[in-house]
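Novice: coordinates for the following, if possible.
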Amino acid sequence: MNVNDFDFTLPEELIAQTPLKKRDASRLMIVNPADGNIEHRHFPDILDYMKEGDTLVLNDTRVLPARLLGQKETGGQAEVLLLKQVKGDEWETLVKPAKRVKPGTVIEFGDGRLKAVCTDVLEHGGRVLDFQYEGVFLEVLESLGEMPLPPYIKEKLDDRERYQTVYAEQDGSAAAPTAGLHFTNELLDATRVRGIHVTTITLHVGLGTFRPVAVDEISEHVMHSEFYQMSQGTADLLNKTKEQGGNIIAVGTTSARTLETIAGRNNGSFREESGWTDIFIYPGYQFKGIDSLLTNFHLPKSTLVMLVSALAGRETILKAYNEAVREKYRFFSFGDAMFITHREDSNDSSNI
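Specialist: Predicted structure coming up:
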């Protein structure tokens, strides 16, 4: 399967640069994989597409203010993006410009309040930095760091909490699980009132979010690994949901990848588990954990477009994306949402 099979034309003006004033004011496209039908709604209408006994699964990761602007001891500016903690105070990072950052290079931030020494150069071009500081690292990072907004967002973010979900708790991500940005606490409360369960998993979004597919044949693409965890309480709820005929609804591709990782290792059931996943989902994949998916609109030829194509079918997704362009939906992190509804034949996801 070729990467160009997942291409579409996206006008630059449809890339949302700022969040809406109200989180749940976004538009919502409903896509039915069974018949390819598309509906245009608004985000709070998602309640009409869930039923009592279903379970909504949220990714409760919290984005670190992971972008640091510093200066090398030898002179010259350096921009550092924290990706994941390796051990202790060592972090895997992206550094710009990276060419002259070699083992032993020292970078200072905030008049020396935070220092980093390069200890390793990784195959993909990243750098391992060992940080030195006084006090609590996350507190130092909160005072010096900036939100790591994707490169296609050019506008300054006035309120950094708008790049966090209202339920974000577990520090560790280099990017937000953006499908969850649409939810308000009030909407989540209304979900529970209807008898729909709400639970959380954690996947810390890392380098994979920033990596394009650089090969023509998509099966040759290698995903970067990301840390995930699921509690026993969540696992029990999800297993009960399945047993009682409810649907498991993943909020975002990060939740979907976590659920599919665990279900894939446990014959379609769930258990308390943590670890690293590099699961790559594209058409032909047999879903084992989720029934429905809430997601945003993604980049052409991205692994995320491939994932939603695996669930709904490539032709259905490209039809939906082309309609989203015609209807001027807002794309990417601060954009509008798509809800892929449950279908009885969800395992037949290979049409292309």
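
Novice: hmm, who's touching stretch 118-126?
Specialist: 83, 90, 92-95, 98, 101-107, 127-130, 207, 211, 224 (Cβ atoms under 8 Å, 6 or more residues apart in numbering). Using the backbone N, CA and C atoms, a C-beta is placed for each residue, glycine as well.

Novice: got a list of what the residue of the chain positioned farthest from its centre touches?
Specialist: No residue in the chain sits farther from the centre than residue 74, which is 36.4 Å out by Cα atoms, centre = their mean. Neighbour list for residue 74: residue 105 [criterion: Cβ under 8 Å, 6+ apart].

Novice: quick revisit: show me which of the contacts of stretch 118-126 are buried.
Specialist: 83, 90, 92-95, 98, 101, 105-107, 127-130, 207, 224 (16 or more other Cβ atoms under 10 Å).

Novice: show me the residues you listed that map onto strands.
Specialist: Under the assignment DSSP state E, the buried ones among the contacts of stretch 118-126 contribute 83, 90, 92-95, 106-107, 127-130 to strands.

Novice: can I get those residues in TSV with pLDDT?
Specialist: Converted to TSV, those look like this (pLDDT from 0 to 100):
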residue	pLDDT
83	87
90	95
92	91
93	92
94	91
95	94
106	95
107	96
127	94
128	96
129	97
130	97
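
Novice: farthest-separated two in these?
Specialist: Pairwise distances across those peak at 19.7 Å for 83 and 106 (criterion: Cβ to Cβ).

Novice: shaky segments in the stretch 151-300 of the chain?
Specialist: Applying pLDDT under 70 to the stretch 151-300 of the chain flags residues 207-210.

Novice: can you give me the strands for it?
Specialist: 170-173, 197-203, 226-230, 248-251, 273-277, 292-296 (DSSP state E, counting those that start in this stretch).

Novice: which helix or strand lies directly C-terminal to the last one?
Specialist: Per DSSP states H and E, strand 292-296 leads on to helix 303-312 as the next helix or strand towards the C-terminus.

Novice: just the mean pLDDT for that next one, thanks.
Specialist: Averaging pLDDT along helix 303-312 yields 96.

Novice: report all helices and strands that that helix contacts.
Specialist: helix 253-265, strand 292-296, helix 314-326, strand 337-340 (3 or more Cβ pairs under 8 Å, 6 or more residues apart in numbering; DSSP states H and E).

Novice: in JSON lines: those, plus mean neighbour count and distance to residue 243.
Specialist: JSON lines is the format used below for the helices and strands packed on helix 303-312 (neighbours: other Cβ atoms under 10 Å; distance: least, Cβ to Cβ, whole Å):
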{"stretch": "helix 253-265", "mean neighbour count": "25", "distance to residue 243": "14"}
{"stretch": "strand 292-296", "mean neighbour count": "25", "distance to residue 243": "18"}
{"stretch": "helix 314-326", "mean neighbour count": "18", "distance to residue 243": "29"}
{"stretch": "strand 337-340", "mean neighbour count": "26", "distance to residue 243": "23"}
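
Novice: would you turn those into a markdown table with distance to residue 165?
Specialist: Output for these, formatted as a markdown table (distance: least, Cβ to Cβ, whole Å):
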| stretch | distance to residue 165 |
| --- | --- |
| helix 253-265 | 11 |
| strand 292-296 | 12 |
| helix 314-326 | 22 |
| strand 337-340 | 13 |
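
Novice: thinking again about what came up before, most packed of the strands of the stretch 151-300 of the chain?
Specialist: Of all those, strand 248-251 has the most neighbours on average by mean count of other Cβ atoms under 10 Å, namely a mean of 28.

Novice: for that one, packing partners?
Specialist: Going by 3+ Cβ pairs under 8 Å, 6+ apart, strand 248-251 lies up against strand 55-59, helix 232-243, helix 253-265, strand 292-296.

Novice: may I have the strands that pair with that strand, each with its orientation?
Specialist: strand 55-59 (parallel), strand 292-296 (parallel) (DSSP bridges).

Novice: helix or strand right after the first one?
Specialist: Looking back up the chat, that one is strand 55-59. Downstream of strand 55-59, the next assigned helix or strand under DSSP H and E is strand 61-63.

Novice: quick one: contacts of that following strand?
Specialist: Strand 61-63 has contacts (Cβ under 8 Å, 6+ apart) with 147-148, 163-164, 168-177, 202-205, 254.

Novice: what about that strand, average pLDDT?
Specialist: pLDDT averaged over strand 61-63 gives 96.

Novice: residue 49 contacts residue 30, doesn't it?
Specialist: Yes: counting by Cβ atoms under 8 Å, residue 49 touches residue 30, with 6.4 Å between them.

Novice: which residues are in contact with both of those two?
Specialist: Counting by Cβ under 8 Å, 6+ apart, the common neighbours of residue 49 and residue 30 are 339, 341.
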